[in-house]
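**Student:** Need the 3D shape of this:
(chains A and B)
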Amino acid sequence: MKLRELVKYLDLDVLAGKNLLGRNVSGGYAGDMLSDVLANSGKGNVWVTMQIHPNVLAVATTKDLSGILMTNGRKPEAETLRKAEEKKIPIMVSLLSTYKIVGRLYELGIR
Amino acid sequence: MKGRVKHLPRIQKTQQLAYELKIKEAMNKKVLTLSPEDTMLDVKKILKNRRISGIPIVQSKKLVGIVSIEDLIRCLSAGLMNEKIKNIMTAKVVALFSDEPLVHAINKFDRYGFGRFPVLDHDTGKLVGIVTKKDIIQCLLRALEIHYYAQESKRKHRYRADSLFKEILSDWTTLTMIYHVKGGDFKKAGEQSDRLKENLLKLGYSDEYIRRLIIAVLEAEMNLAIFTSGGNIIMQIERGKITVRVVDHGPGILDIELAMQPGYSTAPDFVRELGFGAGMGLPNIKNCTDEMRLESIVGKGTNLEFCIYN
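**Tutor:** Got it, this is the predicted structure:
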């Protein structure tokens, strides 16, 4: 499934990387501990997190994640968005909690 | 046989492109048409002047037939040049849709042996173009050229570490890079890992190798930024392996064995809220490196060293 479809089905706000939504999503990972995501996420995963500071981009590029999905309607810092454009990592925001959005992702077949 | 094997990747690339490219990218959009009420003389005029070999016949914007140069020759020899097109044209037209992949066009050329296919818009059914074998070949060549230049410019930026080390004559050659990490500035943590990663890409290391190394370096960089007053990441590249030393001057680790246990962390709360201090940094480094050594003296500093073989 492509990021564009996730944006459509889950009604996400795209705050960075609007032109990168053609990317395939290989699976998902949820977590707020950066080291945990570094250790356990997989290439092409969409990362569901509450973190909004610029370091998330370092993690996402290191692991070649397809995008970052921030939950609870959190507003990423300006520096985070700037870096996301630079590093070509889409940032999407949902008003739902991590728990709920992961459930929806699972239903959509992102396993 | 050797030659054929060598050319295989290029053929596969063309096949891949034929699936990726759409017919609308290859087709000729300026398509000349005639009406069924026109005559074969009109066909002759257009085919001769425009040097084309066939023309779609359109009535109120819908495709109703096609006339080819073969039809024209038949009419010329039979003296039917004043005949209306509707009596000559092929009414059962095989057409393509503009959003079909190019490979469908290639298959149809093979199957029907026609010289051209009209192209229709999927939604409106209107004629939007015409595609010939020449258009397809040109489109594929253009795409291959773009692909070739992209590969070429990528290659130019690569020095290839292994050939560098082979060419330099010495008993031991190393390439050393030093990156300074500021203490306390953990929002910037990751920037030096980024620079380091760029260099490894330029040196031609594989994505998989770089990922392992960068996970370790990024963890070390975050440790320097969170816990110390600053330090250096010293990367030493040599033939067969890369060694990274991470050196700081305090505060040191009290109990190394405990620090190596997954989940153990001394990070303050405000740092944990940002997602650091999961107590997984050092275990992560150990997991993705081949060798790791950690020495620390409280009050003096910490010296972490790890290496990955390639």
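**Student:** When you work out contacts or count neighbours from here on, use the C-alpha atoms and nothing else.
**Tutor:** Will do.
**Student:** how about the residues of chain A near chain B?
**Tutor:** Taking CA under 8 Å from any CA of the partner chain as the criterion, the neighbours of chain B within chain A are A:32-36, A:38-39, A:51, A:53-55, A:58, A:62-63.
**Student:** and B:P251, how many neighbours does it have?
**Tutor:** By the criterion of other CA atoms under 10 Å in any protein chain shown, B:P251 has 16 neighbours.
**Student:** What subset of the residues of chain A next to chain B is buried?
**Tutor:** When neighbours are counted using 16 or more other CA atoms under 10 Å in any protein chain shown, these contain these buried positions: A:32-36, A:38-39, A:51, A:53-55, A:58, A:62-63.
**Student:** Among these, pick out the one closest to chain B, please.
**Tutor:** Nearest to chain B, judged by CA to the nearest CA, of those is A:M33 at 4.2 Å.
**Student:** Contacts only, for that closest one.
**Tutor:** With contacts defined as CA atoms under 8 Å, 6 or more residues apart in numbering or on different chains, the neighbours of A:M33 are B:274-278.
**Student:** Need those in a markdown table (columns: secondary structure).
**Tutor:** Shown next, in a markdown table, are the contacts of A:M33 (DSSP: H, G, I helix; E, B strand; the rest coil):
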| residue | secondary structure |
| --- | --- |
| B:L274 | coil |
| B:G275 | coil |
| B:F276 | coil |
| B:G277 | coil |
| B:A278 | coil |
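**Student:** Which two among those residues are spaced furthest apart?
**Tutor:** Between any two of the contacts of A:M33, the greatest separation by CA to CA is 10.2 Å, found for B:L274 and B:A278.
**Student:** coming back round to it: so which of the contacts of A:M33 comes closest to B:Q192?
**Tutor:** With CA to CA as the yardstick, the closest approach to B:Q192 among the contacts of A:M33 comes from B:F276, at 17.2 Å.
**Student:** near chain A, which of the contacts of A:M33 show up?
**Tutor:** If you filter the contacts of A:M33 for contact with chain A, counting by CA under 8 Å from any CA, you are left with B:274-278.
**Student:** Nearest to chain A among the residues you listed?
**Tutor:** Comparing the ones next to chain A among the contacts of A:M33 against chain A with CA to the nearest CA picks out B:G275 as the nearest, at 4.2 Å.
**Student:** what's around the closest one, how many residues?
**Tutor:** B:G275 is surrounded by 23 other residues when neighbours are defined as other CA under 10 Å.
**Student:** quick one, what contacts it?
**Tutor:** Listed by CA under 8 Å, 6+ apart, the contact set of B:G275 reads A:32-34, A:51.
**Student:** Near chain A, which residues of the stretch 201-310 of chain B are found?
**Tutor:** By the rule CA under 8 Å from any CA, the part of the stretch 201-310 of chain B lying against chain A is B:211, B:214-215, B:218-219, B:274-278, B:280-281, B:284.
**Student:** still on that earlier bit, could I get the residues of chain A next to chain B as CSV with secondary structure, pLDDT and distance to B:E238?
**Tutor:** Listed next are the residues of chain A next to chain B as CSV, based on DSSP: H, G, I helix; E, B strand; the rest coil; pLDDT from 0 to 100; distance: CA to CA, whole Å:
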residue, secondary structure, pLDDT, distance to B:E238
A:D32, coil, 94, 36
A:M33, coil, 91, 34
A:L34, helix, 91, 30
A:S35, helix, 90, 28
A:D36, helix, 92, 30
A:L38, helix, 92, 26
A:A39, helix, 91, 26
A:Q51, coil, 93, 37
A:H53, coil, 90, 35
A:P54, coil, 90, 33
A:N55, helix, 89, 30
A:A58, helix, 91, 26
A:T62, helix, 91, 23
A:K63, coil, 92, 25
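**Student:** Distance of A:L3 relative to A:N19?
**Tutor:** Using CA to CA, to the nearest Å, we find A:L3 at a distance of 11 Å from A:N19.
**Student:** brain fart, B:M81
**Tutor:** Computed as CA to CA, the B:M81 to A:N19 distance reads 55 Å.
**Student:** The residue most central in space within chain A pairs with what?
**Tutor:** Closest residue to the average C-alpha location of chain A: A:I68 at 1.6 Å, with CA atoms, centre = their mean. Beta bridges link A:I68 to A:W47, A:I91 when assigned by DSSP bridges.
**Student:** so A:V7 touches A:L15, yeah?
**Tutor:** No. In this structure, A:V7 is not within contact of A:L15 by CA atoms under 8 Å, at 11.3 Å.
**Student:** circling back: and the contacts of A:M33 as JSON lines, adding pLDDT?
**Tutor:** Formatted as JSON lines, the entries for the contacts of A:M33 read as follows, by pLDDT from 0 to 100:
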{"residue": "B:L274", "pLDDT": "80"}
{"residue": "B:G275", "pLDDT": "81"}
{"residue": "B:F276", "pLDDT": "83"}
{"residue": "B:G277", "pLDDT": "80"}
{"residue": "B:A278", "pLDDT": "79"}
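**Student:** Narrow these to those that are buried.
**Tutor:** By neighbour count, with 16+ other CA under 10 Å, the contacts of A:M33 hold B:274-278 as buried.
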